[in-house]
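Trainee: Take a look and give me a structure for this.
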Amino acid sequence: MIEVIGVTKVFPGPDMDFTALGGVSLTVQDNEFFTLLGPSGCGKTTLLRVIAGFEYPTSGSVLLDGKDLLAQPPYRRPVNTVFQSYALFPHMSVAENIAFGLEMLNKPKAEIRKTVADMLDLVRMTPMADRKTSEISGGQQQRVALARALAPRPKVLLLDEPLSALDYKLRKDMQLELKRLQAETGITFIFVTHDQEEALTMSDRIAVMNAGTVRQIGSPREIYDQPSERFVADFIGETNFITADLVGVEGDGSGLVRVRLAGGVETHVQAPSSDLASAMSNGPVTLAIRPEHAILVDEPQGLLKGALENVVYFGTDTHFHVALDDGGLFVLRQQNQPGQRSDMSVGDRVGLSLGRGVGQILRD
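Mentor: Okay, the predicted model is just below:
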C-alpha cells in the first residue's frame, strides 16, 4: 500500500542543519496496522507528515499503490490524519462534524446521511449524534475524530499519538477499539506512538525508530523476543544485558550459538539471525535476556549466581533484583501463583536458570 524509499528530511538551521529523517525505507501492506515507535525526536511524526503531505522530503520518494504520492497535494491524497488534538468544531454536533469532510467533497446528501449513520454506529456514538462536541468527554471526542477521518473511506489513515491525552484506563480501552475499527474497515492504519505497550497491543508490525533511522521492523513478538540491537532491546520493555564469550556455533541451522557465562558455565542462546550465526567469530558478546525468561532457583542449580538484593511485589508478579557475582545486576520477573515459593528474602544466595535458546546476542 505504502512504499517509503530512501526518504531524507533536513531542516535548515541558523548554525547547523538538522536531519530529521536519514534515508528511511519501509513498506506498509494493504489492510495492515503498522506502527512507528520511538522516543521523542526520532523522526516518526516527520515521516507521518511526509506521507500526509504536510512536509516535503529533501530526497527520496513515497509511493501509494505504486504511484508517486509526493506529486499530489495533501487534499488530493487518499489519506486522512487524526492528530493529538482532535480539531473538532465545537459549535457543531457530532453528526455535523462527521459529515463536514463529505460535504467538502460534494457528496450527495443521501450518501452523506447514510455514511454518517454508519460511522456513528461503527464508533458506537449513535446516541450522541445531536450533542455538541464541546459537551462530550475526551474519549468520545476521540471517537468522533476517528469517525470523521474514516467517513471518506481513505486508503490510509494516519494517527499521530491520538491516545496521548486520555487517562490510563480509557487509553487501554481505546487501544482495543482502534484495533477493532481497523479490522472492521479494512483500511490501512499507520500509527505513531512512543508508548511500547500501545505498539505491542495493537500492531501487526512495528518499525522501531531512533535518530531519524529505522532500527528494526517486525511483528510485536519478533521485536520483543528477537531485538536486533541494544537500542531496540533497551527501548522495548525491560531487558538484562549480560556480557559473555562466544565459543561456538551450532551446525544444525537452528541459529543457536554457544556462549560461556561468568564462572565458566556454557549455554546456548540465539544469534541475531541464522544467517549471521555462521559468520560470527568467537569473542566477547552482549546478551539481552528478558526478566520473565529466567527462573529463580537454588544457588547450585543456577547458570548465574548471586545474592538477592531486593524483592518488589506488583500484585500479578514479583520482581527479584539479584546482585550477580560478576558485579552486574539481574532483574527477574516471576508471575505470582498459588502455592509458589515465597520464603526467599533479601541477602539470600540464589541461582538463575536459563533454558536452551533463552537470551539473544545483540549486533552491537
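Trainee: which residues in the stretch 1-150 of the chain form helices?
Mentor: For the stretch 1-150 of the chain, the helices defined by DSSP state H, counting those that start in this stretch cover 44-52, 94-104, 109-122, 138-150.
Trainee: swap in the stretch 201-350 of the chain?
Mentor: So, for the stretch 201-350 of the chain - with DSSP H, counting those that start in this stretch - the helices run 220-225, 230-235, 274-277.
Trainee: Contacts for the second one next, please.
Mentor: Helix 230-235 is contacted from outside by 37-39, 196, 208, 210, 215-216, 223, 227, 239, 241, 286, 288, 360, 362, 364, using C-beta atoms under 8 Å, 6 or more residues apart in numbering. In short, each C-beta sits where N, CA and C put it, glycine included.
Trainee: what's the burial count for residue 316?
Mentor: 8 (other C-beta atoms under 10 Å).
Trainee: Return the residues in contact with residue 83.
Mentor: Residues in contact with residue 83, defined by C-beta under 8 Å, 6+ apart, are 160, 162.
Trainee: Please tell me how far it sits from residue 233.
Mentor: Noted for residue 83: a distance of 31 Å to residue 233, by C-beta to C-beta, to the nearest Å.
Trainee: returning to that earlier point: buried subset of the contacts of helix 230-235, written for ChimeraX?
Mentor: In ChimeraX, this line selects whichever of these come out buried by 16 or more other C-beta atoms under 10 Å:
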select :37,38,196,208,210,215,216,223,227,239,286,288,360,362
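Trainee: Inside strands: which ones of the contacts of helix 230-235?
Mentor: Within those, residues falling in strands by DSSP state E are 37, 208, 210, 215-216, 241, 286, 288, 360.
Trainee: Which among the helices of the stretch 201-350 of the chain is found nearest to residue 329?
Mentor: Among the helices of the stretch 201-350 of the chain, helix 230-235 comes nearest to residue 329, with 14.5 Å by C-beta to C-beta.
Trainee: Identify the bridge partners of the closest residue to residue 60 other than its chain neighbours.
Mentor: The shortest distance from residue 60 to any non-neighbouring residue, by C-beta to C-beta, 6 or more residues apart in numbering, is to residue 7 (3.5 Å). Per DSSP bridges, the residues bridged to residue 7 are residue 24.
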